[in-house]
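Enquirer: 3D model of this:
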Amino acid sequence: MTGTLRSSARNPIGIALMGALTLVFLLLGVGGGQRLPDILSGAKADSIVSAGNHVISATEYKSIFDQQKKRLEQQSGQTYATDFLVKNGFDQEIINQMSMDQADAEMLRRAGVRPAPSLIDDQIKKIPFAFDKVTGKFSAAQFTQFLAAQGLTLRQVQDDFTDELAERHFGMALAAGYQMPRAYSAINAIAALENRDVSYFFLDPHIIPPPTPPTDAQLTAFMKAHAAELTRPEMRTITLARFSAASLAPSIKIDESQIEKEFNARKAALSTPETRSVTQIPVKTAAQGAQAVQRLSRGDSAAAIAKSFGVEPITYVDKTQDDIADRKLGTVAFSLKPNQPQGPVQGDLGMAVLEVTKITPAKATSLSDARAKIEADLRQKAAQDKAYAMSAAYDQARQGGANIASAAQKAGAPSVTIGPFTATGLGEDGKPIPLLNVQITKAAFSTDAGQDSDIADAGPGDYFALHVERVTPPSLPPLDQARPKLTQAYMADSVRSAFRARAEGLQNDIRAGKPIDDVAATVGAHVVRLSDIQLIKAQQYQNLGRDFLNAVFTVKAGETFAVGAPGGAFVAKLDSVRPGDPTLTAAVANAVRGKLSQDYLRDLMDTSKRAADKEVAVKVNLKLARQTLGVDADQTTPGAPAKAAGKAQ
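Expert: Numbering: from 1, shown residues only. I've put the predicted structure just below:
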C-alpha cells in the first residue's frame, strides 16, 4: 500500500527529510552495483506498482484512485467521469506518486532501517477500532474482523506501519544529527542585513487609450493564436429516455389508509425508546457484591470500588436495554430506580452490581408527528416501483423492435434531446445541464455515434437509455457565436500588451540615463524613495507585493525593473546596495541556521526520490491500471508525464 496517498497524517519532518536518502544509501552501500539481487523483486501478475518487496495490487490501486477522485470532486464542487480524468493524466499522476513512495520504502528496507516488531504492535493497539466497546481493552478478534470488513489483512496493516515508522524514525534521526555549515548561515545573514535603497513610481493602466474594435480578420487571427485555450472539448448530443422516481414522485397520491397502516407497522421504530445510564461493577462473590452495594450507597466512586476488586467498571451512557451486553443484567437494570444500587445480580456472563444514574423516558410518536415522513417514504417507494415498471415496459418495447423514442413513448416517458454537452456535463454556455448526471454522461461518451446504450441505473429508482445522435469533435467555436467574449478578450489583451510596452519604454528611458523623476513626470506619476530596506525586515514592506520585494533583493545596484501592482504596475530602480551592521551578522547566522538546515534537506527530497525510483527500478503496469478502472487501456494522454508512460509494461 502507498504511504503518502493513504495517509495525510504522516510526520512532516520525516517526509521532508527523506531528501537525504541518497547520501545515506551510498554510505551504507545500498544501490549501484553493490545492491544484492532480490529474489522477490519481480512484479506480481496483478500488481500495478512493484518496487522490490513493495507492491500495489489492483484492488489497492482502485481504492486509492477512488479516494483521490472523491477528494478532487469535493474540492472542485463538480463530478468527473473516470474516462475524462484518465484522458487528462490524473491516473498517471497518482501512479507516479505511488512509485516514488514505494521506491522510498524499498530503499529504506534495503538499508536496514526497520522498526522493532514491538513498536508496530504498539501502533496497532492505538487504533480506536481495535478496542472492545464493553471492556475498553484491545481485542485482536475485533480488530481482525474490522480489517476484513475493509478488505484488509493484518499483514497489510503491519507492513504499512513498518514503512511509516521506518520513514519517521529515519527522518527524526536525520533531523537531530544534521546542521547547516556555519559558512552557509553566515552568507545568508550577510544577505539578510544588506541595506538597499530603491526609487519607484506607480504606472496607472488608464494612460493607455482604449484600442479600436477588432476586425473579423484580427479576431480570427487572435482565435488561432489562442487555439489551445479557446478550443472546445468533444461534445455529444443524445436522445435520452429516463424513468426517474424523483420526477414521478410529485404526481403520486397516497391514501390516508396507507399512511395509517404504515404508521401502525412502524410505530415502535418511529418512537424513541427509554434510555438509561448504568454503572456495572463485576464481582466474583456475593460478599463482594454486598460490599460494593454498601460502598456505592455511601458515595464511593464505582472506579475506586472496582479497582479494589481488581476489575474495571463498565459504564453505559444513555443506552437502550438492547445495548446492554449481558441480557439478564439489562433486564434488571431497566427495572431499577435511579441511584439505588442492587446486587449481586447473576447475569449471562457473570455476577455484577448495578446502579442506574439517569433515566430518559421513552417518547411515543403520534401519527401527526410521523405523517410527513411516512407519506414521503410511501411516495418515494411508489415512485421507485413505477419507475421500475416503466423501465420494464420500455425494455419490452425495445425487444419488440421499437427505437428509443418510440419505446419511451410506449412506456409513458417521452424522450428528450439533450446537447451538445461535454464529458463533464457542461453545455455550450459552460453551465451544467440539469438532466444529466455522471452515469448518463459516462454512457454517452462510451457509446459510438448513431448507437444505442443498454438500459442502465442512474441511481435508486432511476433508469435511463440513450441514443448518441452526433459527436462534435474538439473545435474552435464559430466566430459569430464567440464574438462578444472574443472581442472582450482581444481588447483586454491589446491593453495589456500596450501597457507592458509602455512600462518597458519607461525602463529604457531610465537605463539611458534619464532621471527617474523626469520619466515619472511623463506619465503624471510621482517618485517614492525607500532607504535601508533589509531582507530581514521585508515584512514591513509587504504592502508593495511579493514581486516587488523579490526584485528589490535580487537585482543589482543601478538596475531597473517593472512588476505588477494592485491596479497597475511599479517601475523602479535599485539605487544602491550597502553592507549591513557586521556586529549583528553572528547573531542572525545562529538564528537562521536551524531553519536553513530544514530548508536544505527539504530541497533534496525531490532529487532523492527520483534517485530511489531509478535505483529500485520500479515497474508500473499502466495497462492493468486502466483495465482496473474500466477504461480504454491503450488510450494515450496528451501532455501526460513521461515517467509513468516510460515505465508501463
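
Enquirer: which residues touch the closest residue to Gly545 other than its chain neighbours?
Expert: Excluding its sequence neighbours, the residue lying closest to Gly545 (CB to CB, 6 or more residues apart in numbering) is Ala565, at 6.1 Å. (Each C-beta comes from the backbone N, C-alpha and C, glycine too.) Going by CB atoms under 8 Å, 6 or more residues apart in numbering, Ala565 touches 202, 544-545, 548.

Enquirer: Regarding the nearest residue to Ala572 once chain neighbours are set aside, what is its secondary structure?
Expert: Closest residue in space to Ala572, ignoring its immediate chain neighbours: Tyr200 at 3.5 Å, by CB to CB, 6+ apart. The three-state assignment at Tyr200 reads strand, by DSSP: H, G, I helix; E, B strand; the rest coil.

Enquirer: what do you get for Lys253?
Expert: coil.

Enquirer: Roughly how far does it sit from Gln291?
Expert: Note on Lys253: its distance to Gln291, by CB to CB, to the nearest Å, is 67 Å.

Enquirer: Same check on Ala520?
Expert: Ala520 is 94 Å from Gln291, by CB to CB.

Enquirer: now do Ala227
Expert: Taking CB to CB, one finds Ala227 at 88 Å from Gln291.

Enquirer: Between these two, tell me which one has more neighbours.
Expert: Gln291 (18 against 10; other CB atoms under 10 Å).

Enquirer: give me the number of residues near the residue nearest to Ala572?
Expert: Neighbours of Tyr200 (other CB under 10 Å): 27.

Enquirer: so where's the stretch 501-649 of the chain uncertain?
Expert: 604-605, 633-649 (pLDDT under 70).

Enquirer: and the residue nearest to Thr272 when sequence neighbours are not counted, how far is that from Pro338?
Expert: Counting by CB to CB, 6+ apart, Lys363 is the residue found nearest to Thr272 once chain neighbours are left out, at 4.2 Å. Noted for Lys363: a distance of 18 Å to Pro338, by CB to CB.

Enquirer: next one: Ile440
Expert: 58 Å.

Enquirer: of these two, who's got more company?
Expert: Ile440 (24 against 11).

Enquirer: so that one makes contact with Val468?
Expert: No. Here Ile440 does not reach Val468: they are 11.7 Å apart, not a contact under CB atoms under 8 Å.

Enquirer: And what about Lys556, helix, strand or coil?
Expert: When classified by three-state DSSP, Lys556 comes out as coil.

Enquirer: Lys573 is in contact with that one, correct?
Expert: No. Checked against CB under 8 Å, the pair Lys556 and Lys573 is beyond contact range at 11.1 Å.

Enquirer: between the two, who's got more neighbours?
Expert: Between Lys556 and Lys573, Lys573 has the larger neighbour count (other CB under 10 Å), namely 22 against 7.

Enquirer: which phi and psi does that one have?
Expert: Torsion angles at Lys573 (phi, psi; degrees, to the nearest 10) stand at phi -140, psi 130.

Enquirer: dump the residue contacts of the residue lying closest to it once chain neighbours are set aside.
Expert: Nearest residue to Lys573 in three dimensions, chain neighbours excluded: Thr560, at 4.7 Å (CB to CB, 6+ apart). Contact analysis of Thr560 by CB under 8 Å, 6+ apart lists 507, 510-511, 571-574.

Enquirer: related to what we said a few turns ago, with the contacts of Ala565 in mind, which one is nearest to Leu367?
Expert: Nearest to Leu367, judged by CB to CB, of the contacts of Ala565 is Gly545 at 66.3 Å.

Enquirer: about what we covered before: now do the phi/psi pair for the residue nearest to Lys573.
Expert: phi -110, psi 160.

Enquirer: and the closest residue to Asp462 other than its chain neighbours, what pLDDT?
Expert: Spatial nearest neighbour of Asp462, chain neighbours left out: Ser244 (4.8 Å); criterion: CB to CB, 6+ apart. Among the per-residue scores, Ser244 holds a pLDDT of 90.

Enquirer: isn't Ser244 right up against Asp457?
Expert: No. Using CB under 8 Å, Ser244 is not in contact with Asp457; the gap is 11.1 Å.

Enquirer: residues shared between the contacts of these two?
Expert: Common neighbours of Ser244 and Asp457 (CB under 8 Å, 6+ apart) are Tyr463.

Enquirer: got the domain boundaries for this protein?
Expert: What automatic domain parsing lists as the domains of the chain is 3-180+600-647, 195-228+480-578, 235-253+368-472, 272-360.

Enquirer: coming back round to it: got the contact list for the residue nearest to Asp462?
Expert: Counting by CB under 8 Å, 6+ apart, the residues that Ser244 touches are 387, 458, 461-463.

Enquirer: Low-confidence regions, the protein specifically.
Expert: 1-45, 127-138, 150-152, 174-175, 177-178, 604-605, 633-649.

Enquirer: Can you pull up the most central residue in it?
Expert: Centroid-nearest residue in the chain: Arg71, 3.3 Å away (criterion: CA atoms, centre = their mean).

Enquirer: which other helices and strands contact whatever helix or strand it lives in?
Expert: Per DSSP states H and E, Arg71 falls inside helix 58-76. Applying 3 or more CB pairs under 8 Å, 6 or more residues apart in numbering; DSSP states H and E, we find helix 58-76 packed against helix 3-6, strand 47-51, helix 82-87, helix 90-110, helix 622-629.

Enquirer: buried residues in stretch 66-84?
Expert: 68-69, 79-84 (16 or more other CB atoms under 10 Å).

Enquirer: swap in stretch 220-236?
Expert: 222-223, 230, 232, 235-236.

Enquirer: before we move on, what about stretch 375-387?
Expert: The neighbour-count check on stretch 375-387 (16+ other CB under 10 Å) flags 375, 378-384, 386-387 as buried.

Enquirer: Next: stretch 433-447.
Expert: Quick answer for stretch 433-447 (16+ other CB under 10 Å): 433, 436-445, 447.

Enquirer: Now, these that are in helices?
Expert: Counting by DSSP state H, the part of the buried residues of stretch 433-447 found in helices is 438-445.

Enquirer: export the residues you listed to CSV and tack on distance to Val55?
Expert: Compiled in CSV, those are given as follows (distance: CB to CB, whole Å):
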residue, distance to Val55
Val438, 31
Gln439, 33
Ile440, 37
Thr441, 34
Lys442, 30
Ala443, 34
Ala444, 37
Phe445, 33
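
Enquirer: From the residues you listed, pick the one nearest Gly427.
Expert: Closest to Gly427, out of all of these and judged by CB to CB, is Thr441, at 11.6 Å.

Enquirer: Who are the contact partners of Pro432?
Expert: Neighbours of Pro432 in contact, by CB under 8 Å, 6+ apart: 78, 425-426.
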